[in-house]
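**Q** Below are the sequence and a predicted model for it; my questions follow.
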Amino acid sequence: MNISIQELVAAGHQLSKRLGEPDASVVGQLATQLDVQAALVKEHAIPPMNDDLQAILGRPNFWFAGLAECLRVGGYDIPRKSECEQAVAIHWMLQLYLKHGSNWSNEANNELARIKAAADQQSTKKE
């Protein structure tokens, strides 16, 4: 159910007019819905620009080719177009930033090291 806060408030006013004094349980349900909507808005808000986001979003497109290749080795299906490589790599880094905050870069390096280690192990098995 995707109801805006304004719709919930309007529904509360209509209910109040119909019922006179609203039932405490209805008020509680509306308050809960408002809390849920507020949490969703906060959860999906774009964070303010900072050094970490500048590092993620401010890279030139040619920088992403090597990262995209490593992500491909790790199982990502990335078309071989620079704009696709850039989009997927930025998305990957943003997910790490949103999950780990300022530690996103360390987590990215750890994940890339895991991908490389798995690829090296596969390569050794084939020989």
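**A** Noted; the coordinates are in hand.
**Q** switch to C-alpha atoms for all contacts and neighbour counts from now on
**A** Fine.
**Q** any idea which helix or strand comes after the least confident helix or strand in the chain by mean pLDDT?
**A** Lowest mean confidence among the helices and strands of the chain (mean pLDDT, DSSP states H and E): helix 5-19, at a mean of 75. With elements assigned by DSSP states H and E, the helix or strand that comes after helix 5-19 is helix 24-43.
**Q** Buried residues, that next one. List them.
**A** 30, 33-34, 37 (16 or more other Cα atoms under 10 Å).
**Q** Taking the residues you listed together, which two end up most distant?
**A** For the buried residues of helix 24-43, with distances taken as Cα to Cα, the pair at the greatest spread is 30 and 37 (10.5 Å).
**Q** low-confidence ranges in the chain?
**A** Along the chain, segments meeting pLDDT under 70 span 1-2, 20-23, 127.
**Q** how does this structure divide into domains?
**A** Domain assignment for the chain, taken from automatic domain parsing, gives 5-43, 51-126.
**Q** tell me which residues of the least confident helix or strand of the chain are tucked away?
**A** Across helix 5-19, burial judged by 16+ other Cα under 10 Å covers 5, 8, 12, 15.
**Q** quick one: it to helix 24-43, angle?
**A** Interaxial angle of helix 5-19 relative to helix 24-43 (axes from the mean of the first three to the mean of the last three Cα atoms, to 10 degrees): 170 degrees.
**Q** start the count at 474, not 1, going forward
**A** Noted, 474 is the first residue going forward, which turns the last one into helix 478-492.
**Q** For helix 478-492, name the packing helices and strands.
**A** Taking 3 or more Cα pairs under 8 Å, 6 or more residues apart in numbering; DSSP states H and E as contact, the helices and strands that helix 478-492 lies on are helix 497-516.
**Q** which residues touch the helix it packs on?
**A** By Cα atoms under 8 Å, 6 or more residues apart in numbering, the surrounding residues in contact with helix 497-516 are 476-478, 481, 485.
**Q** next helix or strand past that helix?
**A** On the C-terminal side of helix 497-516, the closest following helix or strand by DSSP H and E is helix 524-530.
**Q** Which positions within that following helix qualify as buried?
**A** Neighbour-count burial for helix 524-530, counted by 16+ other Cα under 10 Å, picks out 525-526, 529-530.
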